[in-house]
Structure formats: C-alpha cells, structure tokens
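>>> Output the structure for:
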Amino acid sequence: MNDHAWQRWGYGTAVVLVLLLAALWGSDGNAALFRLVNGAPWPAGEWLWSNITVLGDTMTLLCLLLPFVGRRPDLVWSIMVAVVVVSLLIHGAKMTFDMPRPPFTLSGDEIRVIGFKAISGSFPSGHTAAAFAFAGAVCIMHFPVAAKVTVLLLAAAVGVSRVAVGIHWPLDVAAGALMGWLGVMLSVWLGRRWPLGLRPGVQRGIALLLVVAALYTLWDYDGGYPLARPLLVLLALLVLALALPGLRTLFVRRAT
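Numbers count the residues shown, from 1 in each chain. Okay, the predicted model is just below:
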C-alpha cells in the first residue's frame, strides 16, 4: 500500500463521493438527472452502454484480476477480500432500503431499458460498487498515475452506464461508488493485517478460482447484456493469455 496515495487518492476521492451522494440525496435532481442521462440520444447507445456496464460485473472484474496472479499478490488478495466486504455492504443496504428501480417507478415512454431488467433492489448500485472497489485498490497501491486515472474514469463510466441502461437512479450510483470505495479501503487495511492471501498455497487457490471465472465467461456468460458477449469472450481470452507468466510462477517454478 502507498501511504501517500492512501491520503491523496483514498480519502480525497471518498470526500468527493460523499459530497456527490449528499447533493443527490438532499435535492430533487435525482429523477431529473436520470431522465437526462437515460433519455440522451447516445451514438450506438445500446451497444456502447452494454459493453461499458459489464465492466462492473463481478465476474468480469474477477477476470480482470487474473493477469495479476503471481505478480501482485497484494492486489489480488485485497480485491478478493473486497469482494466479500463490498458484497456484504451492498446486499445489506439493498435489503434494508428495498428501493424500487426506475422501470417500476416510470412508465414505458419515460425510460429506456437495455438488457437486464429488474424492479426492486435499486439502492445502491452493485456494478458501480464493484467497479469503484477495483479502481480504489489500484489508486491506493503502487501503480502509475496514468493507470489510476484510467481505472477511475472507467469506474465512473460504469456508474453512468447503470443510469443509461435504465436500471439505477443516479443516487444508487453515488451510493454504490462510495460503498465500493470505502469497502476496498477497509479491505486493503485488513489485507495488510491479515496476510493469509499472500501465502503461496492460498495464491494458487485464488488463481484457480480466477481461471474458472475466465473459462466460465468464455464458455457462456453475458452478464445479462447479450450485446456485450463478444467483448467478454475477447476479454476472457486476453486475460487467460496475460495470466500465463504469473500462473507459471505460481505453479511450475514453485513446484520445481
């Protein structure tokens, strides 16, 4: 963990997300902003947002973690802990608030829904939380600034996509982003004090789990967005290829 990045990126981004959540919670802008984003005539809208929104799917993010096995065990372990922590936060909040999604509240001519459809469990956005958890881990660890900016922008794009596909309110997105960010900060802190995942045997187990996730994605998975299926296939093939050196380090070299 980079202590300077923890202060600058970790707390700084958390403050911005808190302010965004407070602004949406305390105003009437939530529905207006939804209509603005969801109703905009985006070029290649359905294809574009389907491909962006699947980047916040937990299965996709597990695949993206695969190239780091055998290379960055700190990142792999922190994000695996974050999967548990953030999932508990998100599902706990969904059960507590049980807020209706936009398709339940708005009539058919007021909303455009792309791909997966649901009417309940709107608050907060799980896809946004997962994307910001991944981005947060990169931002508070030792990575180039360009990588941090890139993953943060992608996480923000995932958040916008959840509104664009018609499945979440902006308020859900802001809350999901904050929970994902704070969840991964807690997970990185826990990972440093409970370094079980840095042991070779545990790393191998995690690596196998991530390989299975990539193979399942390659075989038959679209995250509820059929238009994104080609991207997910290419992504699964790419991460499997990029993971080969790290897998060799974990299994072949240690075995010899």
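>>> where does this protein have low pLDDT?
Low-confidence segments of the chain (pLDDT under 70): 1-7, 253-256.
>>> In it, mark out all the strands, start to finish.
Remark: no strands are assigned in the chain by DSSP state E.
>>> Please enumerate the helices of it.
3-5, 12-25, 29-38, 45-53, 58-65, 73-97, 102-105, 126-139, 145-164, 170-193, 200-220, 229-247, 254-255 (DSSP state H).
>>> Most tightly packed of those?
helix 126-139 (a mean of 29; mean count of other Cβ atoms under 10 Å). Where C-beta positions appear, they are placed from N, C-alpha and C, glycine not excepted.
>>> what packs against that one?
For helix 126-139, the elements it packs on are helix 12-25, helix 58-65, helix 73-97, helix 145-164, helix 170-193, judged by 3 or more Cβ pairs under 8 Å, 6 or more residues apart in numbering; DSSP states H and E.
>>> Next, the contact list for the most centrally placed residue in the chain, please.
Against the mean C-alpha coordinate of the chain, by Cα atoms, centre = their mean, the closest residue is residue 131 at 2.1 Å. With contact set as Cβ atoms under 8 Å, 6 or more residues apart in numbering, residue 131 has these partners: 55, 56, 61, 154, 155, 158, 159, 177, 180.
>>> To residue 38, which of the helices and strands packed on helix 126-139 lies closest?
helix 145-164 (5.7 Å; Cβ to Cβ).
>>> Can you give the contact residues for the closest one?
5, 9, 13, 33-34, 37-38, 40, 42, 45, 49, 52-53, 55-56, 114, 125, 127-128, 131-132, 134-135, 138-139, 168-170, 172-174, 176-177, 180.
>>> Chain neighbours aside, what residue packs nearest to residue 116?
residue 224 (3.1 Å; Cβ to Cβ, 6 or more residues apart in numbering).
>>> What count of nearby residues applies to the one you found?
17 (other Cβ atoms under 10 Å).
>>> what does the one 4 residues further on give?
Around residue 228 there are 24 other residues, counting by other Cβ under 10 Å.
>>> show me the contacts for it.
Residue 228 touches 50, 51, 53, 54, 115, 222, counting by Cβ under 8 Å, 6+ apart.
>>> out of these, who's nearest residue 209?
Distances from residue 209 to these, taken by Cβ to Cβ, are shortest for residue 54, at 19.6 Å.
>>> Test my guess that that closest one contacts residue 227.
No: the criterion here is Cβ atoms under 8 Å, and residue 54 misses it with residue 227 at 9.3 Å.
>>> So which of those two has more stuff around it?
Ranked by neighbour count (other Cβ under 10 Å), residue 54 and residue 227 place residue 54 first, with 27 against 17.
>>> And that one, how close does it get to residue 218?
14 Å (Cβ to Cβ, to the nearest Å).
>>> ditto for residue 248
For residue 248, the distance to residue 218 - Cβ to Cβ - is 20 Å.
>>> go on, residue 156?
28 Å.
>>> now residue 175
Taken as Cβ to Cβ, the span from residue 175 to residue 218 is 33 Å.
>>> for residue 186, what are its contacts?
Per Cβ under 8 Å, 6+ apart, neighbours of residue 186: residue 85.
>>> no no, residue 71
With Cβ under 8 Å, 6+ apart, residue 71 has these contacts: 245, 246, 249.
>>> What about the last one, how many residues nearby?
Applying other Cβ under 10 Å, we find 15 residues neighbouring residue 249.
>>> for the spatially closest residue to it that is not a sequence neighbour, phi and psi?
Distances taken as Cβ to Cβ, 6+ apart put residue 70 closest to residue 249, at 3.9 Å, once the chain neighbours are dropped. Backbone geometry at residue 70, expressed as degrees, to the nearest 10, gives phi 80, psi 0.
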